[in-house]
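1. got a predicted model here, sequence first, then my questions.
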Amino acid sequence: MDQTDAKIIRILKNDSRTSFVDMGKRLGFTEGAIRARVSKMLRDGTIKRFTVEARDEVKAVVMVATSRAISTTKVADEIRRLGVHHTYEISGNFDIICFVESESMEDVNSVVEKIRAIDGVTDTSTSLVLK
């Protein structure tokens, strides 16, 4: 899987209904080239189904507590800038919940460490998704 395939998967994860034409325009490819890449990823098992679930993916739920001195929205925006698309402000003991997905445990850990380094983050709690 190359970077273009990874970008296609990210687009499909965000909205699995995105057309091949739209993906092609975004990525600078023809509709046919995108269709061929998606077909190949389906054949080789990289894409298992169109919910989209990618092979060998590690998923984690990260709960984030923030300082009252920093806006929770600002912290959530910083987390989104890290590429964590599913980030939500919530009520309860934590202020933010986000869903981190990556190809390896090392990548997930790296994202969690980056979240912890954001100004205003006071605590995190991470749980791995088992199934």
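-> The structure has been received and is ready for your questions.

2. alpha carbons only for contacts and neighbour counts from here, please
-> Fine.

3. and the helix or strand of the chain with the lowest mean pLDDT, which residues are buried?
-> Ranked by mean pLDDT, DSSP states H and E, the weakest helix or strand in the chain is helix 3-14, scoring a mean of 90. Buried residues in helix 3-14, defined by neighbour count with 16 or more other Cα atoms under 10 Å: Asp5, Ile8, Ile9, Arg10, Ile11, Leu12, Lys13.

4. show me what it is packed up against.
-> helix 20-27, helix 31-43 (3 or more Cα pairs under 8 Å, 6 or more residues apart in numbering; DSSP states H and E).

5. of all the ones you listed, which lies closest to Asp95?
-> For the helices and strands packed on helix 3-14, the distance to Asp95 is smallest for helix 20-27, at 33.4 Å, taking Cα to Cα.

6. now do that closest one: distance to the chain's middle.
-> 19 Å (Cα atoms, centre = their mean, to the nearest Å).

7. with stretch 14-34 instead?
-> Relative to the centre of its chain, stretch 14-34 is centred 18 Å away, using Cα atoms, centre = their mean.

8. quick check: end-to-end length of that stretch?
-> Taking Cα to Cα, to the nearest Å, the first and last residues of stretch 14-34 lie 16 Å apart.
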